[in-house]
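A.B. asks: Generate coordinates for the sequence data below:
(one chain, ligands or ions: 3)
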Amino acid sequence: GIFIALESDSSIELKKLREIIQVIDQEPIFDTDMQQLLQWISAYYHYPLGDVYSIAMPSLLRKGKGVILSTRKIWHLYSQAEEIDLSDYKRAPKQKKVLQLLSEKKYLAESELNELKITRDTIQALIKKYLILEETVEIIPAISNQIELPLKLNEEQNFVVNKIVEAMKNSEESNNIDGFKVFLIDGVTGSGKTEVYFHIIAEQLKLHKQVLVLVPEIGLTPQTVQRFQRRFAVPIVIMHSDLSDKERLDNWVLAKNNKIPIVIGTRSAIFTPMPKLGLIIIDEEHDASFKQQDTLRYSARDVAIMLAKQKNIPIILGSATPSLESYYNAQQKRYIYLKLTQRAGDANLPQIKLIDLRNQKLEDGLSKTVLQVIQQHLNNQGQVLLFLNRRGFAPNLICHHCGHIFKCSRCDACYTYHQEINKLVCHHCEKKLDLPRQCSECKSNSLFPLGLGTERIESVLKKHFAHETVVRIDRDSTRKKGSFNQFLEKINAGKYKILIGTQMLAKGHHFPNVTLAVIVNADGGLLSNDLRASERMGQLLMQVAGRSGRAEKPGEVLVQTRQPDNSHLVCLLQKDYQLFLDYLLQQRKQTQLPPFSFLALFRADAFSEADAFIFLTEIKNKISIAKINIHCLGPVAAPLQKKAGKFRAQLLLQAFNRKELQNLLDHLVQDISSFDSSKKVKWSLDVDPVDLF
Ligand code: ADP
Ligand code: ZN
Ligand code: ZN
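C.D. replies: Numbers count the residues shown, from 1 in each chain. Ligands and ions are numbered 1, 2, ... in the order given. As a prediction, the model looks like this:
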């Protein structure tokens with residue numbers, strides 16, 4: 001249990017109350033700021049406080065372990081033993097070895113004993129002779145001994161750094177009265193945002209403050225971490241979901257005890273307790289992975305802004321493609337907007353060209369022009385990156401005779417054909433099926449894969465460029481732990497000439513040798529009717545384009561489309577992403593969509609379609625009685641109507657006043673559990689939904 005406050009009486013029945021048998025922790029696991037933040041999260045996302053605490057804590061604490069630092073044993077020489085005559089140890093070679101080692105290095109650690117084939121007995125013997133000393137120490141991450149010097153900033157970078165450092169100084173002098181400020185750095189890909197962060201972090205470290213850096217899931221690679229380690233001679237930890245429970249707790253406790261000046265992590269790192277937190281940085285703030293899509297559906301970016309406010313400290317949001325919400329806040333002067341328009345160093349922004357696919361003969365999805373340009377870049381020793389956001393060979397298997405398309409029996413979705421395993425796979429429930437030999441409807445055996453997936457592009461590239469090295473990067477090819485990072489290293493070592501991949505490949509990485517980026521199909525994003533589809537497409541396009549020409553060699557970007565006149569595309573090609581943002585914002589204003597209104601989404605799934613609808617209709621009826629200015633859209637079937645055998649429906653709430661919406665949700669969430677219809681469904685509430693699926 002988690003104890004948060006003491007009350008002298010309670011409205012809860014006595015038999016439901018529990019006695020505290022034993023207190024595990026000697027001090028609160030979260031400081032007051034963090035406790036307030038968790039309260040806020042619970043209220044804002046309408047999620048039970050106990051569950052919020054539970055999600056914010058390392059799982060070992062949840063299981064009853066106390067907040068203690070992990071320690072290890074080390075041994076070093078007794079000071080007066082330094083003049084030991086090693087020739088006295090002829091008959092104790094092991095002891096001699098230990099003494100010898102210890103005269104060369106400061107200490108031996110527990111973990112080294114096995115490797116050196118030294119037993120405990122040897123150690124004990126030396127301790128008894130008062131030659132060496134045993135000590136128990138905290139485990140603190142090692143500091144790199146090759147520290148790189150800061151780069152000389154260019155004019156734009158300098159301006160941004162000065163602006164932020166100045167604001168930090170002012171708040172320091174005014175005793176943190178107005179320390180809270182949100183900076184939005186809108187910097188084109190390769191403009192040296194990381195270098196800007198580094199300069200600002202350095203200022204914070206001088207003040208002995210802690211810094212929290214949040215990065216997208218895909219962005220947290222060893223390369224990123226090494227970049228920090230090479231720059232700062234301080235202990236750094238990472239926080240992400242792949243850590244073991246023990247590592248997670250250790251890092252957590254270290255941060256809480258102020259032993260770690262820099263914490264880098266993904267979404268959930270926002271819950272790391274940092275008593276001396278002085279700055280939060282969110283890199284690629286637009287990234288969808290900052291929003292949790294199940295249980296507590298929080299936005300780590302929004303929570304981080306709240307935390308900064310609570311702690312009265314600055315927060316920096318950085319992106320080459322800022323989210324509309326953040327951009328709008330900057331326009332409203334709630335955030336301080338800073339721009340980096342040039343690439344840093346000797347790099348220039350790549351040229352983007354549209355390739356009109358209409359009436360062209362394609363070789364498995366690639367136009368002649370694209371194949372030719374790829375060849376040119378290969379001839380000039382450049383690497384080529386192709387982007388397609390669909391894994392597998394083809395998104396459909398179709399019968400040539402009757403047109404039947406193979407669909408998953410448990411989901412409202414088509415099977416994707418995966419050639420490598422020769423199976424049909426449902427991407428929504430992971431159900432697999434051996435490749436059928438004949439059509440289930442007409443028994444014809446002329447079945448063929450329809451559409452494009454990364455495997456298919458890979459195979460056409462391998463065929464067309466038979467003498468080049470091709471690598472495919474997607475969730476299938478990187479299943480093995482660590483393989484993604486190995487691929488990244490090999491790519492930068494020049495082992496592969498042609499790279500094809502999904503967004504795993506397209507986001508954030510620094511590939512100095514890539515000179516050509518190809519977007520195989522821009523139309524998917526243009527046609528989708530999701531609220532954020534065009535925004536997403538714009539972000540991806542700019543991110544993919546941003547992989548090209550990051551070093552001295554000039555870059556080029558080709559975008560294949562059948563809609564070359566599409567207004568979003570045309571606007572994106574004007575080079576300045578801000579124009580695209582302005583255009584989208586204007587559209588959102590016309591349609592009264594966020595950030596011009598506030599959304600909340602109720603989702604329900606059930607074994608019967610009717611149950612889901614009855615439940616959501618009951619919610620809707622409650623709202624209509626309330627006579628407030630909140631629109632209900634739906635209930636409607638979810639875009640993916642059936643998933644893993646369950647029917648899914650949703651009810652979208654749109655409000656023009658945030659408070660009004662929050663009040664309504666407060667009441668609703670309390671009422672819902674008393675609805676009879678709620679017993680037959682699994683439901684959830686998503687405040688500020690990012691994806692409307
Ligand atoms: P971003 O995060 O904005 O995409 P990075 O910080 O990764 O950009 O920088 C891109 C490249 O430019 C890196 O190789 C970086 O070392 C280099 N760079 C950044 N700032 C400078 C500078 N002031 N002078 C020279 N090179 C720089
Ligand atoms: Zn058929
Ligand atoms: Zn399925």
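A.B. asks: from here on, contacts and neighbour counts on C-alpha atoms
C.D. replies: OK.
A.B. asks: Would you map the strands across the stretch 501-650 of the chain?
C.D. replies: 514-519, 556-561, 598-606, 630-643, 646-655 (DSSP state E, counting those that start in this stretch).
A.B. asks: and whatever residue of the stretch 1-150 of the chain ends up closest to ligand 1, what pLDDT?
C.D. replies: Nearest to ligand 1, among the residues of the stretch 1-150 of the chain, is Pro150, at 8.6 Å (Cα to the nearest ligand atom). In this prediction, Pro150 carries a pLDDT score of 90.
A.B. asks: Check Glu83 too.
C.D. replies: Turning to Glu83, the model gives it a pLDDT of 68.
A.B. asks: again with Ser79
C.D. replies: If you check Ser79, the pLDDT there is 68.
A.B. asks: what does Leu531 give?
C.D. replies: Value listed for Leu531 in the pLDDT field: 73.
A.B. asks: Report how many residues lie close to it.
C.D. replies: Using other Cα atoms under 10 Å, Leu531 has 14 other residues around it.
A.B. asks: ok so, going back, could I get the strands of the stretch 501-650 of the chain as JSON lines with mean pLDDT?
C.D. replies: JSON lines is the format used below for these (pLDDT from 0 to 100):
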{"stretch": "strand 514-519", "mean pLDDT": "91"}
{"stretch": "strand 556-561", "mean pLDDT": "91"}
{"stretch": "strand 598-606", "mean pLDDT": "94"}
{"stretch": "strand 630-643", "mean pLDDT": "88"}
{"stretch": "strand 646-655", "mean pLDDT": "93"}
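A.B. asks: and those, which is most packed in?
C.D. replies: Of all these, strand 514-519 carries the top mean neighbour count, a mean of 27, counting by mean count of other Cα atoms under 10 Å.
A.B. asks: Can you pull the phi and psi angles for Gly392?
C.D. replies: Phi and psi for Gly392, reported as degrees, to the nearest 10, are phi 90, psi -180.
A.B. asks: Identify the residues contacting it.
C.D. replies: By Cα atoms under 8 Å, 6 or more residues apart in numbering, Gly392 lies in contact with 416-419, 453-456.
A.B. asks: where's it relative to Leu661, distance?
C.D. replies: Distance of Gly392 to Leu661, given as Cα to Cα, to the nearest Å: 42 Å.
A.B. asks: So which residues on this protein come close to ligand 3?
C.D. replies: For the chain, the residues in contact with ligand 3 (Cα under 5 Å from the ion) are 408, 410-411, 426, 428-429.
A.B. asks: I'd like to know which of these are buried.
C.D. replies: Among the residues of the chain next to ligand 3, those classed as buried by neighbour count (16 or more other Cα atoms under 10 Å) are 408, 410-411, 426, 428.
A.B. asks: For the residue of the stretch 151-300 of the chain found nearest ligand 2, grab the count of nearby residues.
C.D. replies: Residue nearest to ligand 2 within the stretch 151-300 of the chain: Gln293 (37.9 Å; Cα to the ion). Applying other Cα under 10 Å, we find 15 other residues in the vicinity of Gln293.
A.B. asks: Dihedrals phi and psi, it?
C.D. replies: When quoted as degrees, to the nearest 10, the phi and psi of Gln293 stand at phi -100, psi 10.
A.B. asks: Am I right that Val471 falls within a helix?
C.D. replies: No. According to DSSP: H, G, I helix; E, B strand; the rest coil, Val471 belongs to no helix; its state is strand.
A.B. asks: give the contact list for it.
C.D. replies: Val471 makes contacts with 458, 496, 498-500, as judged by Cα under 8 Å, 6+ apart.
A.B. asks: Among those residues, which ones lie close to ligand 2?
C.D. replies: Residues shared between the contacts of Val471 and the neighbourhood of ligand 2: none [Cα under 5 Å from the ion].
A.B. asks: And the residues you listed, which two are furthest apart?
C.D. replies: The most widely separated members of those are Glu458 and Tyr496, with 12.7 Å between them, by Cα to Cα.
A.B. asks: Confidence-wise, which helix or strand of this structure is lowest on average?
C.D. replies: helix 523-527 (a mean of 68; mean pLDDT, DSSP states H and E).
A.B. asks: before we move on, the earlier item: so which of the buried ones among the residues of the chain next to ligand 3 would you say is closest to ligand 1?
C.D. replies: If you rank these by distance to ligand 1 using Cα to the nearest ligand atom, His428 comes first, at 32.5 Å.
A.B. asks: Backbone dihedrals for the closest residue in space to Leu349 that isn't next to it in sequence, please?
C.D. replies: The shortest distance from Leu349 to any residue that is not its chain neighbour, by Cα to Cα, 6 or more residues apart in numbering, is 6.5 Å, and that residue is Arg343. The phi and psi values for Arg343, taken as degrees, to the nearest 10, are phi -70, psi 150.
A.B. asks: count of residues packed around Arg343?
C.D. replies: Neighbour count of Arg343, defined by other Cα under 10 Å: 20.
A.B. asks: cool, Val52 as well?
C.D. replies: Residue crowding around Val52 was assessed by other Cα under 10 Å; the count is 18.
A.B. asks: residue contacts, it?
C.D. replies: Counting by Cα under 8 Å, 6+ apart, Val52 has contacts 38, 41-42, 296.
A.B. asks: so what's the closest residue to ligand 1 within the stretch 251-400 of the chain up against?
C.D. replies: Of all residues in the stretch 251-400 of the chain, Gly345 sits closest to ligand 1, at 3.7 Å by Cα to the nearest ligand atom. For Gly345, the contacting residues are Ala551, taking Cα under 8 Å, 6+ apart as the criterion.
A.B. asks: Now, the contacts of Val52 that are in strands?
C.D. replies: With strands defined by DSSP state E, no entry of those lies inside them.
A.B. asks: Just the buried ones out of those residues, please.
C.D. replies: In these, the ones that pass as buried (16+ other Cα under 10 Å) are 38, 41-42, 296.
A.B. asks: Tell me which of those fall in helices.
C.D. replies: Here DSSP state H is the test, and the buried ones among the contacts of Val52 give 38, 41-42 as lying in helices.
A.B. asks: Reformat these into JSON lines and put distance to Pro275 and pLDDT next to each item.
C.D. replies: Conversion of those to JSON lines gives the following (distance: Cα to Cα, whole Å; pLDDT from 0 to 100):
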{"residue": "Leu38", "distance to Pro275": "16", "pLDDT": "97"}
{"residue": "Ile41", "distance to Pro275": "19", "pLDDT": "97"}
{"residue": "Ser42", "distance to Pro275": "22", "pLDDT": "96"}
